[in-house]
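# Take this sequence and fold it.
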Amino acid sequence: MVDLNMFFAIILLCSPIANPSCIEIHDMIQPQGYKTIEKCQTRLSEMMWNIRNTIPVPHSMTIKCIKKENNNGRTI
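Residues are numbered from 1 along each chain as shown. Have a look, this model is predicted:
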């Protein structure tokens, strides 16, 4: 069961020279999420650093710490 009080680190990585042009990257170190948004944001910084050193430019990243959806299908 997913704890709805956890924050999940997600990055949307886009590049005009890639196919598909955008991919969604989920945290594999702590896939069950983080208890605080601060820990999630710290992990996002680590993930961004790893991506910047691996994926050639040009690329753009959209980063977000999100909570899973509740039973009504709305993000909380």
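# does the residue minimising distance to the centre of the chain count as helix, strand or coil?
Centroid-nearest residue in the chain: I10, 1.0 Å away (criterion: C-alpha atoms, centre = their mean). Using DSSP: H, G, I helix; E, B strand; the rest coil, the structure places I10 in strand.
# got it, and A18?
coil.
# Leaving out the residues flanking it, which one is nearest to it?
Leaving aside its chain neighbours, A18 sits nearest to H59 (7.8 Å; criterion: C-beta to C-beta, 6 or more residues apart in numbering). In short, each C-beta sits where N, CA and C put it, glycine included.
# Contacts only, for that neighbour.
By C-beta atoms under 8 Å, 6 or more residues apart in numbering, the residues touching H59 are 13-15, 18, 51.
# Phi, psi for it please.
Backbone geometry at H59, expressed as degrees, to the nearest 10, gives phi -160, psi 160.
# where's P58 relative to C65, distance?
Using C-beta to C-beta, to the nearest Å, one gets 25 Å for the distance from P58 to C65.
# For those two, indicate the residue with more neighbours.
Neighbours were counted for P58 and for C65 using other C-beta atoms under 10 Å; C65 has more, 21 against 10.
# Hmm, L44 is touching I63, no?
Yes. The pair L44 / I63 is scored as a contact, 4.8 Å apart, by C-beta atoms under 8 Å.
# More neighbours: the two, which one.
Neighbours per residue, other C-beta under 10 Å: of L44 and I63, the larger number sits with L44, 20 against 17.
# gap between the more buried one and Y34?
Taken as C-beta to C-beta, the span from L44 to Y34 is 10 Å.
# Same question for T54.
T54 is 23 Å from Y34, by C-beta to C-beta.
# Noted, bye for now.
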